[in-house]
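Engineer: what shape does this take:
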Amino acid sequence: MKLSLITAQQQSYQSMSIDKNQPDAVGTSFILRASCVAARGIVAAVTSVLFEKGCYLNEMSQFDDRESGRFFMRAHAQVQVGASTLDEIREALIPVAERFGIDWSIHNADTPVKVLLMVSKFDHCFDDLLYRHHKGELPMEITAVVSNHRDLRPMAEREGLRFIYLPVTKENKREQEVRLMEIVEETGTELVVLARYMQILSDNLCKQLRGRAINIHHSFLPGFKGAKPYHQAYERGVKLIGATAHYVTADLDEGPIIEQAVQVVDHSYSPDALVAVGRDTETIALSKAVKLHVEHRVFLDGNKTVVFK
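Structural biologist: Got it, this is the predicted structure:
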């Protein structure tokens, strides 16, 4: 939920003499993520530090999960020029984090997240991500395109992207996954996106990429897991089809859900027609999930997510 109660400390942010029309009035823009066991005083303690360090609070969201007892918070702020550096803000937040046991991080809002794309033969999700990236909708830097097929090499290289061909067989799967993690480390990749990558990752690789790998599954999970979900949907005569973007886990198609999209269908749709219509839901769900992640809006909460939109 959006923060609705404004403390006196937070009201001070609104009255700070920062003219946002002046380009030199505010400096670095950053995002603070925090989660911990719910307790009184967390928001007051964190915002007090930000205020003292000359920060202007642009946006703040919080959620208290009553079932898990966890508290989640995302703040987007700017630092008044000359007031503090991000390192100084981090240093000032350490005592508060230790006091409440907060799992937290600060991200420069102007630094794009490094993303590695994995593809196979289907190009619609890959093409949509490239388009939205060009339009400035996705604040990310594409580090490489990895594929188990050569089909999409021309598309990647046309965009000036590094294309890495890693064919996967039963015999070389472990070796190729080791190579993939080497590429992730070499490129400083922060997020791996499986844009209709048609290979099941090993349990070990899923663990290594926990919380930083997004898959798009072409059904409205938890329904129709596994292969040929559109054909499964056709057999059941569904009136809605969907797509689900979720974090990758060792349990196939059961990772924490980030975003879903649906499309109304009826009895006249053949399996091939469902596949064709489903491409739109897949691109929408995946692009939204990637955007939410690279804007640091998604928190893991067990096998669920907290998403501040």
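
Engineer: ok, residue 85 - how many residues close by?
Structural biologist: 13 (other Cβ atoms under 10 Å). All C-beta spots, glycine's among them, are computed from the backbone N, C-alpha and C.

Engineer: tell me the pLDDT of it.
Structural biologist: Listed pLDDT for residue 85 reads 93.

Engineer: residue contacts, it?
Structural biologist: Listed by Cβ atoms under 8 Å, 6 or more residues apart in numbering, the contact set of residue 85 reads 28, 79.

Engineer: 10 Å - rerun?
Structural biologist: Shown in contact with residue 85 (Cβ atoms under 10 Å, 6 or more residues apart in numbering): 27-28, 53, 79, 91.

Engineer: just how off-centre is stretch 205-225 within its chain?
Structural biologist: 12 Å (Cα atoms, centre = their mean, to the nearest Å).

Engineer: on that earlier part again, just the buried residues out of the contacts of residue 85, in PyMOL syntax.
Structural biologist: Buried residues within the contacts of residue 85, by 16 or more other Cβ atoms under 10 Å, are selected in PyMOL with:
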select buried, resi 27+28+53+79
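
Engineer: in helices only, show me the contacts of residue 85.
Structural biologist: Mapping the contacts of residue 85 onto helices (DSSP state H) picks out residue 91.

Engineer: what about residue 235, neighbour count?
Structural biologist: Residues lying near residue 235 (other Cβ under 10 Å) number 11.

Engineer: got the phi and psi for it?
Structural biologist: phi -60, psi -30 (degrees, to the nearest 10).

Engineer: surely it meets residue 270?
Structural biologist: No. Taking contacts as Cβ atoms under 10 Å, residue 235 lies outside contact range of residue 270: 11.9 Å.

Engineer: ranges for the helices of the stretch 101-250 of the chain?
Structural biologist: Assigned by DSSP state H, counting those that start in this stretch, the helices in the stretch 101-250 of the chain fall at 124-134, 153-158, 173-187, 203-208, 229-236.

Engineer: can I get the ones you listed in a markdown table with distance to residue 197 and mean pLDDT?
Structural biologist: Output for the helices of the stretch 101-250 of the chain, formatted as a markdown table (distance: least, Cβ to Cβ, whole Å; pLDDT from 0 to 100):
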| stretch | distance to residue 197 | mean pLDDT |
| --- | --- | --- |
| helix 124-134 | 9 | 97 |
| helix 153-158 | 13 | 97 |
| helix 173-187 | 11 | 97 |
| helix 203-208 | 12 | 96 |
| helix 229-236 | 16 | 91 |
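
Engineer: will you turn the ones you listed into JSON lines that also has distance to residue 286?
Structural biologist: Shown next, in JSON lines, are the helices of the stretch 101-250 of the chain (distance: least, Cβ to Cβ, whole Å):
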{"stretch": "helix 124-134", "distance to residue 286": "5"}
{"stretch": "helix 153-158", "distance to residue 286": "16"}
{"stretch": "helix 173-187", "distance to residue 286": "19"}
{"stretch": "helix 203-208", "distance to residue 286": "18"}
{"stretch": "helix 229-236", "distance to residue 286": "15"}
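
Engineer: quick one: pLDDT of the closest residue to residue 103 other than its chain neighbours?
Structural biologist: Nearest residue to residue 103 in three dimensions, chain neighbours excluded: residue 35, at 5.2 Å (Cβ to Cβ, 6 or more residues apart in numbering). Residue 35 carries a pLDDT value of 98.

Engineer: residue 35: what's it in contact with?
Structural biologist: Applying Cβ under 10 Å, 6+ apart, the residues near residue 35 are 63, 65, 70-74, 101-105, 299-301, 306.

Engineer: likewise residue 243?
Structural biologist: Residue 243 neighbours (Cβ under 10 Å, 6+ apart): 125, 216-221, 229, 259-263, 278-286, 289.
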